[in-house]
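Q: would you be able to build a 3D model of this:
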Amino acid sequence: MNKKIIVLPVVVVIGIILVNFVSDQSIEKNNVVFHVTLADPTLYSNGVYTDEFFIDAGQYLFRFVPNGSSPEILSITLNGKSFDFSEDFRLENTLHQTGISEYFTWRYIGQEKILISEKQEISIMINPNGKTMGSVSIDILQN
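A: As a prediction, the model looks like this:
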């Protein structure tokens with residue numbers, strides 16, 4: 001009897017976690033309008049990555065997955081028919097110390113939100129400022 005009382009709440013909690021994880025994953029994938037993982041110098045032409053994509057009117061935000069080898073400054077330029085954006089994102093590390101270890105987490109600091117006034121084709125230019133060997137993933141998500 002006691003085992004049933006303990007097992008039922010554990011199963012419910014695991015179920016809730018799984019449902020939230022799956023729904024977050026599908027929502028996130030549907031909101032991605034641009035994605036690139038830059039982890040190979042051959043992806044750059046003259047030290048710069050360029051691409052084009054279509055985007056609807058709305059509010060968007062950048063999401064980065066950096067690490068310690070990512071470029072210290074990541075310059076991103078977006079240009080469209082009625083939109084121009086340029087930002088130098090700076091890599092910031094945060095030291096975390098536990099009782100037995102220490103580690104860093106990384107994030108880019110800069111203007112993360114953008115507002116697109118109308119549907120248009122956007123050209124993106126990503127300049128790692130000479131650091132083409134470091135890896136970073138960049139997403140633009142509809143907010």
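
Q: mind checking how far the residue nearest to the spatial centre of the chain is from Gln97?
A: Geometric centre of the chain, nearest residue: Arg63, 2.4 Å, by CA atoms, centre = their mean. Taking CB to CB, to the nearest Å as the measure, Arg63 falls 27 Å from Gln97. For glycine as for every other residue, the C-beta is placed from the backbone atoms N, C-alpha and C.

Q: please settle this for me: is the residue nearest to the centre of the chain part of a strand?
A: Yes: with DSSP: H, G, I helix; E, B strand; the rest coil as the criterion, Arg63 is part of a strand.

Q: who's it bridged to?
A: Going by DSSP bridges, Arg63 is paired in beta bridges with Asp139.

Q: quick one, what contacts it?
A: Taking CB atoms under 8 Å, 6 or more residues apart in numbering, we find Arg63 in contact with Ile138, Asp139, Ile140, Leu141.

Q: top of these by neighbour count?
A: Within the contacts of Arg63, neighbour counts (other CB atoms under 10 Å) peak at Ile140, which reaches 23 neighbours.

Q: which residue packs closest to that one, ignoring adjacent ones?
A: Leaving aside its sequence neighbours, Ile140 sits nearest to Phe34 (CB to CB, 6 or more residues apart in numbering; 4.1 Å).

Q: hmm, who's touching stretch 130-143?
A: 28, 31-39, 41, 43-44, 47, 55-56, 58-67, 69-72, 74, 76, 113-114, 126, 128.

Q: please report how far the residue nearest to the centre of the chain lies from His35.
A: As judged by CB to CB, Arg63 and His35 stand 9 Å apart.

Q: same check, this time on Thr77
A: Distance of Thr77 to His35, computed by CB to CB: 17 Å.

Q: what is the neighbour count of Asn127?
A: Asn127: 20 neighbours (other CB under 10 Å).
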